[in-house]
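J.: would you be able to build a 3D model of this:
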Amino acid sequence: MKIIEKKCTKCSETKPLGEFHKKKSGKYGVTSACKICTLKWHKQKYQNNQEFRERAKANSIKWHKEHYYNNPEFRERVKKAAARWQKEKYKNDPEYREHVKVNSARWKKENPEKYREIKRNFYNRILSQLKVNGCSLCGKEFNDNSKMFHFHHVEPELKSFYVNSKGVEHHSNKEIVNEIHKCILVCSTCHHKIHSMMKK
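T.: Purely as a prediction, here's the structure:
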């Protein structure tokens with residue numbers, strides 16, 4: 001007869017085996033206490049026992065470090081969760097938002113070269129996605145020579161800054177994307193022709 005239920009030694013309730021943590025050496029292959037009682041016990045001991053608390057923190061940090069560096073899927077999940085948390089907190093917490101702005105401004109001031117490099121990398125990522133379609137006018141395919149392609153502002157009067165690796169250095173990612181939306185990507189030959197016609 002297959003055993004599908006067991007009595008918890010803590011709360012004395014009879015529960016399905018799925019309500020217990022697995023344990024090879026335990027009766028029926030599970031722990032003696034159910035998951036809910038085990039969680040309560042850990043919470044209580046965590047609050048009242050400093051030694052247990054420090055050991056739990058150390059084990060948690062060790063486990064997360066090992067999984068973070070050795071498991072790409074876990075690492076990606078952690079990054080997404082952290083990004084979601086930061087986005088929500090930035091949106092809903094004015095104090096945190098101000099804290100981030102102050103720290104960000106200070107970091108930019110102390111690390112101007114790194115900040116410019118980050119902006120150039122962001123610009124290049126967008127460029128690599130857009131250039132696969134070739135020139136918007138003649139259809140010419142682009143190679144990796146950045147001098148071949150230019151962002152042309154369809155309505156010059158709306159231009160806020162030049163969209164190139166230098167022009168984007170002092171602007172936020174949102175500003176760069178908004179500025180690119182005002183442009184079409186063209187080859188250097190077509191860009192020269194456009195401006196020649198505009199001068200006539």
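J.: for the rest of this, base every contact and every neighbour count on C-alpha atoms.
T.: Will do.
J.: and the gap between the closest residue to Y115 other than its chain neighbours and Y162?
T.: In this structure, Y115 finds its nearest non-sequential neighbour in K108, 6.0 Å apart by C-alpha to C-alpha, 6 or more residues apart in numbering. Distance of K108 to Y162, computed by C-alpha to C-alpha, to the nearest Å: 21 Å.
J.: how about K114?
T.: 21 Å.
J.: kindly report the same for C37.
T.: For C37, the distance to Y162 - C-alpha to C-alpha - is 63 Å.
J.: could you do G29 as well?
T.: 67 Å.
J.: the more surrounded of these two?
T.: Y162 (16 against 13; other C-alpha atoms under 10 Å).
J.: wait, is the more buried one part of a helix?
T.: No - per DSSP: H, G, I helix; E, B strand; the rest coil, Y162 lies outside any helix segment and is coil.
J.: wait, what's in contact with it?
T.: V168 (C-alpha atoms under 8 Å, 6 or more residues apart in numbering).
J.: swap in R84?
T.: So R84 contacts nothing (C-alpha under 8 Å, 6+ apart).
J.: which secondary structure state is assigned to it?
T.: Assignment for R84 (three-state DSSP): helix.
J.: A33 too?
T.: Relying on three-state DSSP, one would call A33 strand.
J.: run the chain-centre distance for stretch 100-119.
T.: 18 Å (C-alpha atoms, centre = their mean, to the nearest Å).
J.: tell me the buried residues in it?
T.: 115-116, 119 (16 or more other C-alpha atoms under 10 Å).
J.: coming back round to it: these two touch, right, the residue nearest to Y115 and I118?
T.: No - counting by C-alpha atoms under 8 Å, K108 does not reach I118; the two are 10.6 Å apart.
J.: tell me the domain ranges of this protein?
T.: Following automatic domain parsing, the chain resolves into domains at 21-69, 75-108, 116-199.
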